[in-house]
Each structure stands twice: as structure tokens, then as C-alpha cells.
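> with the sequence up front, the predicted model follows.
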Amino acid sequence: YILQNESVSMEQLCQQFKVSMITVRRDIAQLQRKGTIEKIYGGVTARKGEQLTPFDVRRIKGREAKAAIAARAAQFVHDNDTVFLDSGTTTLHVLDNLSALHNVTIVTHSLQAMMAALPYQNLNIISLPGQLYRKTSSFTGLDVIRFLKTYNISVAFMGASAFSIEHGVSNSSPLEYEIKMTAMQRAEKSVLLLDSEKFGRSALLT
């Protein structure tokens, strides 16, 4: 709620979540320690560095490192596998390394991944339904989760916003959180694709 509204008062948080001021202060203190928000007079504001960067901006940044990570990750894929790709920009590069394989099925809610997979005749594409969220260029909502639960996934390729020893792997988008969790539950193996710029940081949700 804070990330979406950028700045909110403590009273707003009490009303929005129907909790006491004591509860709000306690929870705000936890978010502060995590580094996601900053306190201001009478309220809180989202830290600019923790907000979700638009897909097109993230895609350009660190492209060479992302391509190298994806090339290594693609070695986990074999003929006839069913692969989940999340909406991360690094996971998108995996598709460039699957052209030699046969009958690989791609399950994804990422609009960019669908388009990138289109030229490869050896890749079957299953699109998960939902509402398009432009910041991640992906489909989100309960329908994505409901359909995803019906598939058996060989390997799930996951991106993340941050990684730290204290908070583990974390993500900035509440809309993506349940999708990532469901994909990991359905997958025989989950592979995290993360460049070093994400190290030592924390985002909203672990």
C-alpha cells in the first residue's frame, strides 16, 4: 500500500487496515529495519530505490551479465521438459539458449517471454490468463494462479528484486508474489537467476 501510494500518513494506515496506531507503529518499525520505507513527519514514504522499475528499463540494464546467467541456467533444461518463466528480465534470456532442444513447453505469464519464444518452432507456448500489469509486462491475478496450479513443471526460472542474508530472496511486486510461490510449489526444480547488483539488498516480500 505504501509502495503504491508513495507517501501515506499513519492515520491513513490505521483506517486502511483497520488496526490500532500501536500496531501500525510496530509494523512500520519492522519495515524500516528492512529498508523498504522511511519515516517522515506524521507518516511514511517508500524508498525510491525499492520501487519496482519498469520492465523496459530493467531489460536494458546489465544485459551482458543477464545473458551469461541465462546461458548457464538453460543447461538445466532437457528435451520434452515443461519450463516456467517468470516476468524477470534475466529469465527472458533463457529462451535464446533452447533452440537445440526438442519439444520444450514454455508456461508463462510474461508477455515479453511469449513474444520472444514465438520464433522458435521447437517451443510450445502456454499463456497464463490474467490482467496485464504494464510495469512487469506480465499477466497477474487469481486466474494466473488457478491455471498454474494445474501444470506439472520440470524447472521454474525465477528472477528477484533483491537478495540478502537477513531476508533471503525478495521481490518488489505484491502482484507477482503469489505467482512466484505457486510456480515454485509446482516445479520439480526452481532456479534463481540473479545478478550481483541485487546482492545485499531487501525488497518488500520474501
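Everything's here; your move.
> and the helices in the protein?
Assigned by DSSP state H, the chain shows helices spanning 2-5, 10-17, 21-34, 55-60, 63-73, 89-92, 111-117, 142-148, 174-186.
> so which of those is the most surrounded?
Neighbour counts (mean count of other CB atoms under 10 Å) averaged over each of the helices of the chain peak at helix 89-92, with a mean of 26. Any C-beta I mention is one placed from the backbone N, CA and C, and that applies to glycine too.
> any low-confidence regions in the protein?
35, 47-62 (pLDDT under 70).
> dump the helices of the chain to JSON lines, plus distance to residue 132.
Listed next are those as JSON lines, based on distance: least, CB to CB, whole Å:
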{"stretch": "helix 2-5", "distance to residue 132": "17"}
{"stretch": "helix 10-17", "distance to residue 132": "26"}
{"stretch": "helix 21-34", "distance to residue 132": "29"}
{"stretch": "helix 55-60", "distance to residue 132": "11"}
{"stretch": "helix 63-73", "distance to residue 132": "23"}
{"stretch": "helix 89-92", "distance to residue 132": "16"}
{"stretch": "helix 111-117", "distance to residue 132": "7"}
{"stretch": "helix 142-148", "distance to residue 132": "11"}
{"stretch": "helix 174-186", "distance to residue 132": "11"}
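> of all these, which one is nearest residue 46?
Checking those against residue 46 by CB to CB gives helix 2-5 as the closest, at 4.8 Å.
> for residue 197, find the nearest of the helices of the chain.
helix 63-73 (8.3 Å).
> just checking, what packs against the closest one?
When contacts are defined as 3 or more CB pairs under 8 Å, 6 or more residues apart in numbering; DSSP states H and E, helix 63-73 sits against helix 89-92.
> what's the offset of the helix it packs on from the middle of its chain?
10 Å (CA atoms, centre = their mean, to the nearest Å).
> try stretch 135-143
Remark: stretch 135-143 is offset 10 Å from the chain centroid, using CA atoms, centre = their mean.
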